[in-house]
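# build the 3D model from these lines:
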Amino acid sequence: ITLLYPLETARTRLQVDPHLTPRSAMPLILSLSQNEGVASLYRGWTSLVFALGLTQFVFFYAFHGLRSLTPRSTALTDLLCSAIGGSLAVLITNPLWVVNTRLKLKDVPNIKGESNRRRYDSALDCVFGIIRNEGGIKALWSGTASSLLLVANPCLQFMCYEALKRSPVLHTFLNQHLIHLVNGALAKIVATILTYPLQLIQTRRRAGMLPDDETSKLKRQSSFVHVIEQAATVARQDGIKGLFRGLESKLLQTALNAGVMFLVYEELANFVFAAAGMKR
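Now for the predicted structure:
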């Protein structure tokens, strides 16, 4: 996470600022480090580590708990278990991701919305500030609708990963460790490309960047319809390519991260099940 976090910062900045240049990941990272300092690449790092850790714990705990109740693992049961686990993770951890997005955009110029109007010094200051200034505790669940739609991402990821794991193709020329890494990276690439427009809208809503022509604040925060409308607005203004702004940074970050995560996950799972005398 630490090594790849500048890519996460670059992706967020590209998603919320359509005029930001350069548009490629590595040139943008170099530009930010020169103009805003290396520390700017790690804004919100602490909150992301905590949010990601809790999200993964809830997801994996629910996923394996539900899958243990099924008589046989198939693509359909993996998809269903992933959907339920992902939904639980979203509902529990969404406030942490809202805080992380706001902290990442702290002191960033040319950003519209709440992230520009209010600057927070810490995670706790951000939590209480959002509650105090943006309509109460429900504001911490901004972007929940898009996040629930984005449950499709881990669903697709795990379905692809389990399908790749059951496939014998890679076993002919890769060792077991590399198979886990490649399977994890490929599955994440597929899931990210298919769901990226929703991720862009999710980031904008968490940053408080809501369409100006919407009048009901509660409606803006919770309606699935308004998520689709906001995506359509981006497509009209910037073209279809506007919905994929920052994709390069996201793919570099998530593919590498997912590959390493699944490698560690499989090794730990094998160890835990072996230590418990249980069959996976």
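# residue ranges for the helices of this structure, please.
5-16, 25-36, 45-67, 75-104, 114-117, 123-133, 144-149, 152-166, 176-206, 217-222, 224-238, 247-275 (DSSP state H).
# contacts for the first one?
It refers to helix 5-16. Applying Cβ atoms under 8 Å, 6 or more residues apart in numbering, the contact partners of helix 5-16 are 20, 23, 25, 28-29, 32-33, 40-43, 45, 48, 101, 104-105, 108, 111, 113, 115, 199-200, 203-204, 207, 209, 245-246, 249-250, 252-253. The way it works is simple: take the backbone N, C-alpha and C, and place the C-beta from them, glycine included.
# of the residues you listed, keep whichever come out buried.
Neighbour counting with 16 or more other Cβ atoms under 10 Å marks 20, 25, 28-29, 32, 40-43, 45, 48, 101, 104-105, 108, 111, 113, 115, 199-200, 203-204, 207, 209, 245-246, 249-250, 252-253 as buried within the contacts of helix 5-16.
# how about low-confidence regions in the protein?
110-119, 210-223, 279-280 (pLDDT under 70).
# and the most centrally placed residue in it, what does it touch?
Nearest to the geometric centre of the chain sits residue 199, at 7.0 Å (Cα atoms, centre = their mean). Neighbouring residues of residue 199 by Cβ under 8 Å, 6+ apart: 15, 150, 153, 192, 250.
# most neighbours, which of these?
residue 15 (28 neighbours; other Cβ atoms under 10 Å).
# residues in contact with residue 91?
Residues near residue 91 by Cβ under 8 Å, 6+ apart: residue 144.
# would you mind measuring from it to residue 141?
Separation of residue 91 from residue 141 (Cβ to Cβ, to the nearest Å): 8 Å.
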